[in-house]
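Chemist: requesting a structural model of the entry that follows:
(chains A and B)
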Amino acid sequence: MSTILVLVRHDGGTVQKSSLELLTLARRLGDPAAVVHGDVSDALVDALGRHGATTVYAVTPLTPPAYPPVAEALAVAELAARTAPAAVLITSGPLGTEVAARVAVRLDAGIVTDAVQVRAEAGGPVVTQSVFAGTWLVEGRVRRGTPIITVRPNAVTPEPVATPVRPVVERVDLEDPASPAVPRVVARRPKATTGRPELTEATVVVAGGRGVGSAEGFRLIERLADVLGGAVGASRAATDLTWCPHELQIGQTGKTVAPQLYVAGGISGAIQHRAGMQGSRTIVAINKDPKAPIFQIADFGVVGDLHVVLPALIGEIENRRG
Amino acid sequence: MKIAVLIKYVPEATAAWRFAEDHTLDRDSVDGRLSELDEYAVEQAVRLVEAGSATEISYLTMGPARAVDAVRKALAMGGDRAVHVLDDALHGSDAVGTASVLAAALRRMEFDLVIFGMASTDAEMSVLPVMVADLLRLPAVANAVTLRVDGSALTAERETDDAIEEVVAPLPALVSVTDRSGEARYPSFKGIVAAKKKPVTTWSLSDLEIAPERVGTAGAATEVLAVRPSPPREAGTVIVDEGDAAVRLAEFLAANKLL
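Modeler: Numbers count the residues shown, from 1 in each chain, chains lettered A, B, ... in the order given. As a prediction, this is how the structure comes out:
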């Protein structure tokens, strides 16, 4: 069976959920091989094996440390040249896109970004993309070079294999050939952590828009998210008004999410916003304006004041849980 | 300090987009414009000149004859000249093909800094800045929200999910800027008039010494097999709150095993 190279991201011992999704997808296309940077602990190798990785390429970080996307691209391009995989899978998002773009030009290979589905076919993987703000589906494939595919988080449900495999771990030492000038990160100001799930990976997203009315009003969105164990999102209007941090923006110039449940509070549903969330399984909308376009795509809509409906909903959920 | 700004002529976001028979975006049937996300790149370049950090701005675009409208709009905002890569053989180019053309054009231009928008508003792949940087072996900073140039280096700030990073790259360098980098100006009347006199040079593939079979649909490393409208979402229930909305909503969530 042909190899499928999967770029795996991890936080010490824990593999990111989106990487487990890629491994699950890779099993349908071939034989998954994980490309991992940094410390590869036994726990990490076990987790990768439980999700079907038969090989783990443990890449030794470059010294001095390279700009991360450049180092990852170097490793993936080198391993792709060495193993001639049937595809390379990378998670969509700013970092993944940068790696995939570099790998594609280095291998002179075709790239398809932000896949919502990938299926095996005789002529190579067929990739489905959702384009034009989610209004069209495009099926395509790579016809020159190794297919480089970035996959939208939550497009696949991560599943462990029935019988875990014991992956072969292979150390990979790379030399950066005549490294071009690279950017250096000279300062890093970490943001406060919220304890909530990562927005693109969350199974529940509660998002607020202009109709929330104020930064204090946004606390209601956060409270509902916490009751549902979900992530907090926002429309561009809400982030521009600084009611919440910019990285919570969902839509064309923000994140794309596809959770099991999306709750839109005070979001009208302009096309730029819908582009980032209409792949959600179930959409619930609360808005004062019965003509808001969000109701056209909502599975359950409430025409009403979210300042009344959301506190009552939080109370109702808490009551039901006793 | 010379700046090259990459710009793209794209269909209006409000137009009804459709596919042509060859599965490319039908650009003839809709009005086009300078991509809104590229206006932020133009704006940053013009600000760098106004601040005295840069002296010249050249634009580079690849697109059909009508793409010159986008070039004129950018020139009306500021800048000095433009290069338009125009060749029928470019129709249907994929990202890798487009990057090779833009890189070949940039090799023939003078610049210390290349500025891109974060993505096009049509294809939305966000891959071209980094592809071009990789081909030209330039340091690249993607998705910057602020930038400044001091002497021989670019300093940019960008936001990741968990931090704000300050990144420094030696010039020549390439940067893409987001829609949070600063509102783009409207061209003044004076600017619009002045733009008409600014030189726009047209380059063909033979000027760039690129074989036509390497680009366009023929040279694309990807192919589209089929396109279809997304299945419409099934119409849901919409209720008007009469005091019972929270209970009914909770029932809906419970019935769908979402609580």
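
Chemist: who touches the closest residue to chain B within the stretch 201-322 of chain A in this structure?
Modeler: Nearest residue of the stretch 201-322 of chain A to chain B (C-beta to the nearest C-beta) works out as A:Gly304 at 2.8 Å. (Glycine included, C-beta is placed from N, CA and C.) A:Gly304 is in contact with A:Ile286, A:Lys288, B:Val240, B:Asp241, B:Ala245, counting by C-beta atoms under 8 Å, 6 or more residues apart in numbering or on different chains.

Chemist: how about the residues of the stretch 201-322 of chain A that lie near chain B?
Modeler: A:204, A:228, A:246-247, A:252-253, A:260-261, A:271-272, A:278, A:282-284, A:286, A:290, A:295-305, A:308-310, A:312-313, A:315-317, A:320-321 (C-beta under 8 Å from any C-beta of the partner chain).

Chemist: ok, now which ones touch A:Arg106?
Modeler: A:Arg106 touches A:Ala73, A:Ala77, B:Asp134, counting by C-beta under 8 Å, 6+ apart.

Chemist: can I get those residues in JSON lines with neighbour count and pLDDT?
Modeler: Shown next, in JSON lines, are the contacts of A:Arg106 (neighbours: other C-beta atoms under 10 Å in any protein chain shown; pLDDT from 0 to 100):
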{"residue": "A:Ala73", "neighbour count": "25", "pLDDT": "94"}
{"residue": "A:Ala77", "neighbour count": "23", "pLDDT": "96"}
{"residue": "B:Asp134", "neighbour count": "24", "pLDDT": "95"}
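
Chemist: kindly reformat the residues you listed as JSON lines and extend each row with distance to B:Ile164 and secondary structure.
Modeler: JSON lines is the format used below for the contacts of A:Arg106 (distance: C-beta to C-beta, whole Å; DSSP: H, G, I helix; E, B strand; the rest coil):
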{"residue": "A:Ala73", "distance to B:Ile164": "23", "secondary structure": "helix"}
{"residue": "A:Ala77", "distance to B:Ile164": "29", "secondary structure": "helix"}
{"residue": "B:Asp134", "distance to B:Ile164": "25", "secondary structure": "helix"}
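
Chemist: ok, so of the residues you listed, who is nearest B:Trp17?
Modeler: B:Asp134 (29.7 Å; C-beta to C-beta).

Chemist: look up how far B:Leu113 lies from that closest one.
Modeler: Counting by C-beta to C-beta, to the nearest Å, the separation of B:Asp134 from B:Leu113 is 17 Å.

Chemist: what separates the residue lying closest to B:Pro11 once chain neighbours are set aside from chain A, distance-wise?
Modeler: Excluding the flanking residues, the one nearest B:Pro11 by C-beta to C-beta, 6 or more residues apart in numbering or on different chains is B:Val30, at 4.3 Å. According to C-beta to the nearest C-beta, to the nearest Å, B:Val30 stands 11 Å off from chain A.

Chemist: which SSE is B:Val30 in?
Modeler: Counting by DSSP states H and E, no helix or strand carries B:Val30.

Chemist: my guess is it meets B:Trp17, correct?
Modeler: Yes - counting by C-beta atoms under 8 Å, B:Val30 does reach B:Trp17; the two are 6.4 Å apart.

Chemist: and the strands in the stretch 151-300 of chain A?
Modeler: Ranges of strands within the stretch 151-300 of chain A are A:168-172, A:184-190, A:204-208, A:231-234, A:261-265, A:282-287, A:300-303, based on DSSP state E, counting those that start in this stretch.

Chemist: in contact with B:Ala74, which residues?
Modeler: Applying C-beta under 8 Å, 6+ apart, we find B:Ala74 in contact with B:Val5, B:Ile7, B:Leu34, B:Asp38, B:Glu39, B:Val42, B:Tyr59, B:Ala82.

Chemist: repeat the analysis, applying 10 Å as the threshold.
Modeler: B:5, B:7, B:34, B:38-39, B:41-43, B:45-46, B:57, B:59, B:61, B:82, B:184, B:187, B:195, B:198 (C-beta atoms under 10 Å, 6 or more residues apart in numbering or on different chains).

Chemist: what number of residues are in the vicinity of residue 192?
Modeler: Defaulting to chain A. Close neighbours of A:Ala192, defined as other C-beta atoms under 10 Å in any protein chain shown, add up to 6.

Chemist: not quite, go with chain B.
Modeler: 15.

Chemist: quick one, what contacts the nearest residue to it once chain neighbours are set aside?
Modeler: In this structure, B:Ile192 finds its nearest non-sequential neighbour in B:Ala76, 4.5 Å apart by C-beta to C-beta, 6+ apart. B:Ala76 makes contacts with B:34, B:42, B:185-196, B:198, as judged by C-beta under 10 Å, 6+ apart.

Chemist: now B:Ala76, what are its backbone angles?
Modeler: B:Ala76 adopts backbone torsions of phi -70, psi -30, taken as degrees, to the nearest 10.

Chemist: helices of the chain, start to end?
Modeler: Since you didn't name a chain, this refers to chain A. Assigned by DSSP state H, the helices in chain A fall at A:17-29, A:42-50, A:68-83, A:94-107, A:215-228, A:236-240, A:271-274, A:306-320.

Chemist: oops, wrong one, chain B.
Modeler: Using DSSP H, helices in chain B cover B:36-50, B:68-77, B:95-107, B:128-136, B:189-195, B:216-219, B:245-255.

Chemist: okay, these in CSV with distance to B:Ala156 next?
Modeler: Formatted as CSV, the helices of chain B follow (distance: least, C-beta to C-beta, whole Å):
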stretch, distance to B:Ala156
helix B:36-50, 10
helix B:68-77, 21
helix B:95-107, 19
helix B:128-136, 12
helix B:189-195, 27
helix B:216-219, 33
helix B:245-255, 43
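
Chemist: most packed of these?
Modeler: helix B:128-136 (a mean of 25; mean count of other C-beta atoms under 10 Å in any protein chain shown).

Chemist: which secondary structure elements does that helix contact?
Modeler: For helix B:128-136, the packing partners by 3 or more C-beta pairs under 10 Å, 6 or more residues apart in numbering or on different chains; DSSP states H and E come out as helix A:68-83, helix A:94-107, strand B:2-6, helix B:95-107, strand B:113-117, strand B:140-150, strand B:173-177.

Chemist: just tell me which of these ends up closest to B:Ala218.
Modeler: Nearest to B:Ala218 among those is helix B:95-107 (9.4 Å), distances taken as C-beta to C-beta.

Chemist: got the angle between that closest one and strand B:113-117?
Modeler: Using axes from the mean of the first three to the mean of the last three C-alpha atoms, to 10 degrees, one finds that helix B:95-107 and strand B:113-117 are set 150 degrees apart in direction.

Chemist: show me the contacts for B:Met125.
Modeler: Contacts of B:Met125 (C-beta under 10 Å, 6+ apart): A:97, A:100-101, A:111-114, A:129, A:150, B:94-95, B:98, B:119, B:131.

Chemist: which one (most neighbours) among those residues?
Modeler: That'd be A:Ala101 among those, by other C-beta under 10 Å, with 32 neighbours.

Chemist: so that one sits against B:Thr98, correct?
Modeler: No - between A:Ala101 and B:Thr98 there is no contact under C-beta atoms under 10 Å: 11.6 Å.

Chemist: what's the overlap in contacts for the two?
Modeler: B:Met125, B:Val127, B:Leu128, B:Met131, B:Val132.

Chemist: could I get the contacts of B:Met125 as a markdown table with pLDDT and distance to B:Thr155?
Modeler: Shown next, in a markdown table, are those (pLDDT from 0 to 100; distance: C-beta to C-beta, whole Å):
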| residue | pLDDT | distance to B:Thr155 |
| --- | --- | --- |
| A:Thr97 | 94 | 23 |
| A:Ala100 | 98 | 27 |
| A:Ala101 | 97 | 23 |
| A:Ile111 | 97 | 30 |
| A:Val112 | 97 | 34 |
| A:Thr113 | 96 | 29 |
| A:Asp114 | 94 | 30 |
| A:Gln129 | 95 | 35 |
| A:Thr150 | 98 | 29 |
| B:Asp94 | 96 | 33 |
| B:Ala95 | 96 | 28 |
| B:Thr98 | 97 | 29 |
| B:Ala119 | 92 | 23 |
| B:Met131 | 97 | 23 |
